[in-house]
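**Student:** dropping the sequence and predicted coords here.
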There are 2 protein chains.
Amino acid sequence: MGVVSSPRLDDTGRTYRGAGPRQRQEERRVRLVDAAVEVFGTSGYRSATVEKICSTAGLTKRYFYESFDGSEALLLAAYASVTDRLRDSVLRGAGDGGADLDARVRGALTAFFRSVADDPRIPRIAFQEVLGVGPEVDNAYRRVTLSFVDAVLVVIGPAVDRTAFPDFHLRTLATGLVGAVLMIAQQWVLSENPQPIESVIGSAHTILSAVLGQLGPQPM
Amino acid sequence: MGVVSSPRLDDTGRTYRGAGPRQRQEERRVRLVDAAVEVFGTSGYRSATVEKICSTAGLTKRYFYESFDGSEALLLAAYASVTDRLRDSVLRGAGDGGADLDARVRGALTAFFRSVADDPRIPRIAFQEVLGVGPEVDNAYRRVTLSFVDAVLVVIGPAVDRTAFPDFHLRTLATGLVGAVLMIAQQWVLSENPQPIESVIGSAHTILSAVLGQLGPQPM
DNA sequence: GTGATCTGGCACCGTTCGGTGTCAGTTTGT
DNA sequence: ACAAACTGACACCGAACGGTGCCAGATCAC
């Protein structure tokens, strides 16, 4: 299931336009994924057809089935592409904050909301189109969400008193924080006259720091 | 668009099995909505067909188009049915908390997670299946989410210092809180060996009270 | 009882789309 | 130059589904 291997696995083919067979196929795959991000992210997954994807990519259906089982496999690839980029951006934003926890959190939030604002296709694919498609995609969604939860735990790890809170509690809290940021972003991009980005970043930051304040060693 | 009126608007028809024409049609409509909740909530919306809905309801396609434009209109009706019940349950749970804010919050959370746990079709329809279907459904989703945000604002209203925080900030915070609870619930019902309900309620409560603590008059 | 009305089941049509095959024309290696 | 390989475009098939119409039988009003 998912991605299917090329009918020709070896590199015995000719070169064509200065590229070997593997490279040519990989280029076609990339073009299809890019087209999928464009189509799924603007018109939605439901109304998308294989034909539409291929024409956007400038290829024909034949090359679609060279790289993918079906539209669901392509959705998974587009989803991975989008979320990978998003995660990288957020982690880079956290890194820009240096050592200070608060600055790291703010940097991560800034990078997240910037990414979402700069490319509306990202939130649409990441938060809307993937849900309810099927079991396979739902699993991917769940795994990705968990990876974001893990990222949150890593970032806030040093600031929490692990002896005072059991692991599952911290994990559920981090899940809630991810959900809070996601929902704020979702409503933000959907609103007709949205708040400035600094405003939503500030609100999200309020929630995160309020919860973080509960998790540190309690002065009492 | 959406629900379509009956071909016979007046009550001039015969009685049949002890019911007038309006009543019969209304009963069929209810059966269709119930069937939709069952099918959408177990097999999902995307794989559902009009035929499947009708056979589950014990009716034929002909009666489907008597009450609905198409499957999207039925999804909207099922969505409204589910979210109305959920909202009622949560508000009733909050009411059980009496006057104490903390007890109200806890009551609302308990009712919410109970509803979600008792009927898995509810979270599936409310949080998964409706997303990415189309503009019409997306609007409904947005409106419902806003109504939950409003409900949160009403419940926590008395505890916040409105002079210290601008309205849009409170609104975004409430959006984040709704998102936090939703995400916790979503991951909870999807996990293979879930935490006990008291545990997730406690985690959600931690987030809510942490943020609420920031919003009251600050002793400083 | 008898005719009008309502019901449910079925057949049917058109469209859309996934998926495969074909084929002429182009590029490459020799 | 020539054969082999590659590309892109199109045609085609079958399945699934939305939507409509029809009809035999059940139910009701009179």
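**Tutor:** Here it is on my side, so go on. Remember, predicted model here, so these are calculated numbers, not experimental data.

**Student:** least trustworthy helix or strand in chain A by mean pLDDT?
**Tutor:** Using mean pLDDT, DSSP states H and E, the weakest-scoring helix or strand in chain A turns out to be helix A:135-156, at a mean of 92.

**Student:** DNA strand D contacts on chain A?
**Tutor:** Within reach of DNA strand D by C-beta under 7 Å from any atom of the strand, chain A has these residues: A:Arg8, A:Gly13, A:Arg14, A:Tyr16, A:Pro21, A:Arg24, A:Leu59, A:Thr60, A:Lys61, A:Arg62, A:Tyr63. (Glycine included, C-beta is placed from N, CA and C.)

**Student:** what helices or strands is the least confident helix or strand of chain A leaning on?
**Tutor:** Contacting helix A:135-156 under the criterion 3 or more C-beta pairs under 8 Å, 6 or more residues apart in numbering or on different chains; DSSP states H and E are the following elements: helix A:71-95, helix A:101-118, helix A:167-190, helix B:167-190.

**Student:** okay, buried residues for it please.
**Tutor:** Within helix A:135-156, the residues that qualify as buried are A:137-138, A:140-141, A:144-146, A:148-149, A:151-153, A:155-156, counting by 16 or more other C-beta atoms under 10 Å in any protein chain shown.

**Student:** same check, this time on stretch A:177-195
**Tutor:** In terms of neighbour count (16+ other C-beta under 10 Å), stretch A:177-195 has its buried residues at A:177-190, A:195.

**Student:** please see if it touches chain B.
**Tutor:** Yes: with C-beta under 8 Å from any C-beta of the partner chain as the measure, stretch A:177-195 is seen reaching chain B through A:177-184, A:186-188, A:190, A:195.

**Student:** any low-confidence regions in chain A?
**Tutor:** A:1-11, A:218-220 (pLDDT under 70).

**Student:** show the contacting residues for the most centrally placed residue in it.
**Tutor:** Residue closest to the average C-alpha location in chain A (C-alpha atoms, centre = their mean): A:Thr83, at 1.8 Å. By C-beta atoms under 8 Å, 6 or more residues apart in numbering or on different chains, the residues touching A:Thr83 are A:Ala126, A:Val144.

**Student:** who's A:Ala19 bridged to?
**Tutor:** The bridge-partner assignment for A:Ala19, based on DSSP bridges, gives A:Tyr16.

**Student:** number of residues surrounding it?
**Tutor:** As a burial measure, A:Ala19 scores 12 neighbours (other C-beta atoms under 10 Å in any protein chain shown).

**Student:** so who does A:Arg17 touch?
**Tutor:** A:Arg24.

**Student:** and the residues of chain A next to DNA strand D, which are buried?
**Tutor:** Buried residues within the residues of chain A next to DNA strand D, counting neighbours by 16+ other C-beta under 10 Å: A:Pro21, A:Arg24, A:Leu59, A:Tyr63.

**Student:** chain B: which of those residues is nearest?
**Tutor:** Comparing those against chain B with C-beta to the nearest C-beta places A:Leu59 closest, at 24.9 Å.

**Student:** hmm, back to that, so which of the residues of chain A next to DNA strand D are also by DNA strand C?
**Tutor:** Checking these against DNA strand C by C-beta under 7 Å from any atom of the strand, the ones in range are A:Arg14, A:Tyr16, A:Thr60, A:Lys61, A:Arg62.
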